[in-house]
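# Mind looking at a prediction? Sequence and model below.
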Amino acid sequence: QHCNYRYILRMDSNSYLYSPIKYNIFDFAQTNNYQYSFRFCTPQSQSNNDNNNNQEEEGLAVWEEFIRSSSSDTTTRIVVDDDSKMNCLFYNPFFVADLQFFLSRPVQRWLHFVDTGGYNYRNDLSPSFVHSMAVHGFSEDE
């Protein structure tokens, strides 16, 4: 049984609203057919941190494994550039997400793959990477 909500908002304790939002953010997202809204993008491939680069490479390897193991009805968009680096990871302590999108069959296959494969634990796959790949891989460009 699924809830009756279409959108959810996540806001960590380190996120603040400094001015009032004078409209219903969920109505705004639905009217504009937004699937995922986020605070900002982290260009991981520009990082000089070796740990971030290793996590990025491991994450991309998990994504490529998912693509290889997926059936032909799971179609994704190309999400890596010529250097096999992520263009952008969503920093996600604050986001608005369309639950219908995240409950869609292709996204559920990706989430199931990550979960059952233990990639969050074995490969320390970050939630930012999981969300980013779901959105980059299965949503339409704005």
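Received, thanks.

# can you give me the helices in the protein?
25-31, 50-69, 99-102, 105-116, 119-122, 127-138 (DSSP state H).

# got the angle between the longest one and helix 105-116?
This means helix 50-69. With axes from the mean of the first three to the mean of the last three C-alpha atoms, to 10 degrees applied, the angle from helix 50-69 to helix 105-116 works out at 120 degrees.

# Just confirm Glu58 contacts Leu125, I think it does.
Yes: between Glu58 and Leu125 a contact is recorded at 7.3 Å, counting by C-beta atoms under 8 Å. All C-beta spots, glycine's among them, are computed from the backbone N, C-alpha and C.

# ok, and for the lowest-mean-pLDDT helix or strand in the chain, which residues are buried?
Within the chain, no helix or strand scores below helix 50-69, which has a mean of 77 by mean pLDDT, DSSP states H and E. For helix 50-69, the neighbour count (16 or more other C-beta atoms under 10 Å) marks 52, 55-56, 58-60, 62-63, 66 as buried.

# Now do the longest strand along the chain, average pLDDT.
Secondary structure of the chain read by DSSP state E shows that its longest strand is strand 89-98. Mean per-residue pLDDT for strand 89-98: 82.

# Looking at the helices of the chain, spot the one closest to Phe90.
Evaluated over the helices of the chain, closeness to Phe90 peaks at helix 127-138, with 4.9 Å, by C-beta to C-beta.

# what distance separates the closest one from the middle of the whole chain?
3 Å (C-alpha atoms, centre = their mean, to the nearest Å).

# what do you get for stretch 12-26?
On C-alpha atoms, centre = their mean, the centre of stretch 12-26 falls 21 Å from the chain's centre.

# Check the separation of the first and last residues in stretch 40-59.
20 Å (C-alpha to C-alpha, to the nearest Å).
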